[in-house]
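*Asks:* fold the following.
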Amino acid sequence: MLTLVRETANTCTRRNFLQRAGWLVCGLGIAGAGAGLGCSADYSPATSASANATPHKVVDGIELVPSSEALNLLWFTDIHGTAEHLRTIAQFRADNADYVTDMLCTGDMVCESSQDDYDYWTEVGAAGTIACIGNHDRASAENAFDAAFPIEDAYARYIAPAAPLWGERASIVENRTFYSIDYPEHGVRLLVTDCNIQSGSLLSEELAWFNGQLADALGAGRTVIAASHFPPANGELVTCDFSVAKAQVSKSDAPTVHADLMSAVDDFIAQGGLFATWMCGHRHIDMIVALPDHPGQMVVIQSCAALRERGDLVRNEDDETANCYTLASFDTNARTLTLGRFGARTTTYGAKRERLVIDYANKLIVE
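*Replies:* The predicted model follows:
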């Protein structure tokens, strides 16, 4: 899901690309950040030598690793009420149950506003999806950014029905739309935030919760992933076509919306914590964002799951390119994030967007 913002004629070798991608860490004092951090005590990576190990398999040219070996989040965003796309994603989970740990949507689950239908999630088999609240999910019909839908009602609609399916892994704050889910078998904590909370007492409450979650994760030696609908801050973009052969750097004009949360992550990293990435939506285009003012953090943004906006992807209503979703596989032993794209994965300029491996400990694209 990493894209060239504009086509260039420049290409580079793998070594040169990694040097260019190194601005994510080089000179920012975080090369090797978290190198001494161990996994949680209950993390025990599976080995392929086990007689009962689930084999790897290939789907649409993408190798799937079983959830016993990696944390596999079937990730999509900005579905905007399109039941047919969600049905396809839910069917992928059903067909590959041993290779999908959880489904994650980073916001805009309804079409336009909180008044739109949400029952379709259960109807198409997507119950239990981790829901990260987007601006449309709490919006009125008049303003997509007014967060007019009360947070207590948003909790009752989007969070409470799924909580029993998450079980004891989840740490839920009643009547709030921020929460965490632990994956002790992989030594990971996923923090889910609400991008609509940007000021006032609710922000203070969310920040206190966020800091407490980070402190607990640090004590347990858990890698942290954070989900937000809005990308959290302005920054530079490392853009790539699922290949180490092409890359360029561009400026982002995205506003800073989670400065306090990002500062909390900075403190977590300074104390030896390992932060993998922010997972976001909203922009309706694929990007990876480096944050020079917040070394050790990066943001991965995925394109719109709904067909309403194509970004720079070739998408057709009558074939598999109508869909857009990614299997994000976190290997906390190797400290890599592998992104495997399904559905739309060819750009309008002919580049393939299929698979990418990121060394999240050092914020480098390696494969």
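*Asks:* hmm, Thr193 is touching Glu206, no?
*Replies:* Yes: look at Thr193 against Glu206 with C-beta atoms under 8 Å: they come within range, at 6.8 Å. To be clear about C-beta, it is placed using only N, CA and C from the backbone, and glycine gets the same treatment.
*Asks:* who has more neighbours, the two?
*Replies:* When neighbours are counted by other C-beta atoms under 10 Å, Thr193 comes out ahead of the other of Thr193 and Glu206, with 24 against 21.
*Asks:* ok, that one - contacts?
*Replies:* Cys132, Phe178, Glu206, Phe210, Ala226, Ala227, Ser228, His258, Leu261 (C-beta atoms under 8 Å, 6 or more residues apart in numbering).
*Asks:* can you verify the third one is assigned to a helix?
*Replies:* Yes: applying DSSP: H, G, I helix; E, B strand; the rest coil, one finds Glu206 inside a helix.
*Asks:* give me the neighbour count for Ala270.
*Replies:* 12.
*Asks:* again, but for the one 5 residues further on
*Replies:* Residues contacting Phe275 under the criterion other C-beta under 10 Å number 25.
*Asks:* tell me the contacts of it?
*Replies:* Gly34, Thr223, Val224, Ala226, Val265, Phe268, Ile269, Gly296, Gln297.
*Asks:* narrow these to those in helices?
*Replies:* The members of those that map onto helices under DSSP state H are Val265, Phe268, Ile269.
*Asks:* any idea which element the closest residue in space to the second one that isn't next to it in sequence lies in?
*Replies:* Going back to what we said before, that points to Phe268. Excluding the flanking residues, the one nearest Phe268 by C-beta to C-beta, 6 or more residues apart in numbering is Leu214, at 4.4 Å. Assessed by DSSP states H and E, Leu214 sits inside helix 200-220.
*Asks:* tell me the mean pLDDT for that helix?
*Replies:* Across helix 200-220, pLDDT averages out at 96.
*Asks:* and the contacts of it?
*Replies:* Residues contacting helix 200-220 (C-beta under 8 Å, 6+ apart): 40-41, 151, 171, 173, 176, 178, 180, 187, 189, 191, 193-194, 197, 223-224, 260-261, 264-265, 267-268, 271-273.
*Asks:* which residues of the stretch 251-367 of the chain fall in helices?
*Replies:* 259-270 (DSSP state H, counting those that start in this stretch).
*Asks:* buried residues, the strand or helix carrying Glu84. List them.
*Replies:* Assigned by DSSP H and E, Glu84 belongs to helix 83-95. Residues of helix 83-95 classed as buried: Ala83, His85, Leu86, Arg87, Thr88, Ile89, Ala90, Phe92, Arg93 (neighbour count, 16 or more other C-beta atoms under 10 Å).
*Asks:* I'd say the fourth one and Ala94 touch.
*Replies:* Right, the one you point to is Arg87. No: look at Arg87 against Ala94 with C-beta under 8 Å: they stay out of range, at 10.3 Å.
*Asks:* in this structure Leu73 contacts Tyr99, no?
*Replies:* No: with contact defined as C-beta under 8 Å, Leu73 does not reach Tyr99; the gap is 11.2 Å.
*Asks:* which neighbours do the two have in common?
*Replies:* Joint contacts of Leu73 and Tyr99 (C-beta under 8 Å, 6+ apart) are Leu327.
*Asks:* how about low-confidence regions in the stretch 201-350 of the chain?
*Replies:* 234-257 (pLDDT under 70).
*Asks:* swap in 90 and give it another go.
*Replies:* 231-259, 283-296, 298-299, 307-313, 346-350 (pLDDT under 90).
*Asks:* and the strands in it?
*Replies:* Per DSSP state E, counting those that start in this stretch, the stretch 201-350 of the chain carries strands over the ranges 223-227, 236-239, 248-251, 275-280, 287-290, 298-301, 324-331, 336-343.
*Asks:* and for the stretch 1-150 of the chain?
*Replies:* With DSSP E, counting those that start in this stretch, the ranges of strands along the stretch 1-150 of the chain come out as 57-59, 62-64, 71-76, 102-105, 130-131.
*Asks:* of these, which is nearest Asp312?
*Replies:* For the strands of the stretch 1-150 of the chain, the distance to Asp312 is smallest for strand 71-76, at 17.7 Å, taking C-beta to C-beta.
*Asks:* hmm, who's touching that closest one?
*Replies:* Contacts of strand 71-76 (C-beta under 8 Å, 6+ apart): 64-65, 85, 89, 92-93, 99-106, 130, 183, 186, 188, 190, 279, 302, 305, 324-330, 332.
*Asks:* please state the mean pLDDT value computed over it.
*Replies:* The model assigns strand 71-76 a mean pLDDT of 98.
*Asks:* same thing with stretch 360-367?
*Replies:* 86.
*Asks:* before we move on, what about stretch 101-114?
*Replies:* Throughout stretch 101-114, pLDDT has a mean value of 92.
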